[in-house]
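Participant: Curious how this folds, go ahead:
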Amino acid sequence: MKSPRIISANFVIGAVNMEQVPDDGLPHLAFFGRSNVGKSSLLNALMGRRGLVKVSRRPGKTREINFFLVNEAFYFADLPGIGYARVAPHIKEKMEKIIKDYVENSPHLRGIVYLIDMRRAGTSLDIETVNILRDLGRPVLIVGGKRDKLNRKEFVQANKDMRQRFNLEQDPIAVSVTRKIGLDTLWSSMVEAIAQPDI
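Facilitator: Numbers count the residues shown, from 1 in each chain. Reported below is the predicted structural model:
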C-alpha cells in the first residue's frame with residue numbers, strides 16, 4: 001500500500017513518567033534504536049513534516065518519550081535512544097525507567113519499530129534490546145536504515161546478517177530517508193500493527 005495521506009501531525013508531550021503518557025484510547029506505535037541511528041529523520045519523513053522531530057548530531061538528545069498525534073487517529077512515540085555514553089548516570093537511569101514502564105504497562109502500545117543502521121547490521125546491544133522487548137510480549141518490527149549507504153553486495157550481506165542475528169523469517173524492511181526508499185512498505189506494516197487491539 002502507499003503511505004497514508006498525512007493530514008495532521010503534531011507534537012503533544014514529552015513524557016517523563018507514565019502519568020504524562022497519552023491515555024485517550026488511541027493506539028500508539030513506538031520508535032526505538034541506538035542514539036543517532038536516524039529515528040528523528042525517519043519520523044519526520046513518515047509524518048511529512050520536516051523539522052517536527054528535532055534532529056541532533058549529539059547522541060542522547062532525546063531524554064523523554066515524545067508523543068506525536070498523527071491524523072487525530074494514533075500516536076507515534078519517539079523513545080530515547082540507547083547507548084548514550086555521554087549522558088549522566090542519574091539521567092540515564094530516569095530514561096531507562098520511563099522506557100521500561102511504558103513498554104511494560106501501556107495498554108495502547110501496538111508495537112515497536114526498531115531502527116538499525118544497516119551498515120552495522122545490528123550490534124550486541126541491539127540484539128539484547130530486541131530480545132528484551134520480545135520477552136515483554138511486544139511485537140517488534142525490525143527496520144534497516146540508511147539503505148542508500150550500501151552497495152548491492154553490502155546490502156545482500158546486511159540482510160543475511162540481520163535475519164540471522166534477529167531470528168527473522170524474511171529480510172528486514174530497508175529504508176532510506178534521503179532517497180525515500182521503503183517508506184511505503186514500512187507504512188504498510190505499521191498500519192497492520194496500529195489496527196491491533198489493546199492488550
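
Participant: By residue count, what's the longest helix in this protein?
Facilitator: With DSSP state H setting the assignment, residue counts place helix 89-105 as the longest helix in the chain.

Participant: what comes up buried for that helix?
Facilitator: For helix 89-105, burial by neighbour count (16 or more other CB atoms under 10 Å) applies to 92, 94-95, 98-99, 102-103. Where you see a C-beta, it was placed from the backbone N, CA and C, and this is true even at glycine.

Participant: With stretch 156-163 instead?
Facilitator: Here stretch 156-163 shows 158-159, 162-163 as buried, counting by 16+ other CB under 10 Å.

Participant: which residues touch that stretch?
Facilitator: Here stretch 156-163 makes contact (CB atoms under 8 Å, 6 or more residues apart in numbering) with 116, 118-119, 121-122, 142, 144, 150, 168-172, 174.

Participant: any idea how far it is from the chain center?
Facilitator: 20 Å (CA atoms, centre = their mean, to the nearest Å).

Participant: what pLDDT, on average, does that stretch get?
Facilitator: The pLDDT scores in stretch 156-163 average 95.

Participant: what's the answer for stretch 21-41, then?
Facilitator: Predicted confidence along stretch 21-41 averages 92 (mean pLDDT).

Participant: With just CA atoms, put it into CSV.
Facilitator: Extracted C-alpha coordinates of stretch 21-41, given in CSV (Å, rounded to 0.1, in the frame of the first residue of the first chain):
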residue,chain,number,x,y,z
VAL,A,21,1.6,9.3,28.7
PRO,A,22,-1.5,10.0,26.5
ASP,A,23,-4.3,7.7,27.6
ASP,A,24,-7.2,8.7,25.4
GLY,A,25,-7.8,5.3,23.9
LEU,A,26,-5.9,6.0,20.6
PRO,A,27,-3.2,3.4,19.6
HIS,A,28,0.5,4.1,20.0
LEU,A,29,3.4,2.9,17.8
ALA,A,30,6.8,3.4,19.3
PHE,A,31,10.2,4.1,17.6
PHE,A,32,13.4,2.8,19.2
GLY,A,33,17.0,2.3,18.4
ARG,A,34,20.6,3.4,19.2
SER,A,35,21.3,7.0,19.7
ASN,A,36,21.9,8.8,16.4
VAL,A,37,20.6,5.9,14.3
GLY,A,38,18.3,8.2,12.4
LYS,A,39,14.9,7.9,14.3
SER,A,40,14.2,11.6,14.2
SER,A,41,14.8,11.8,10.4
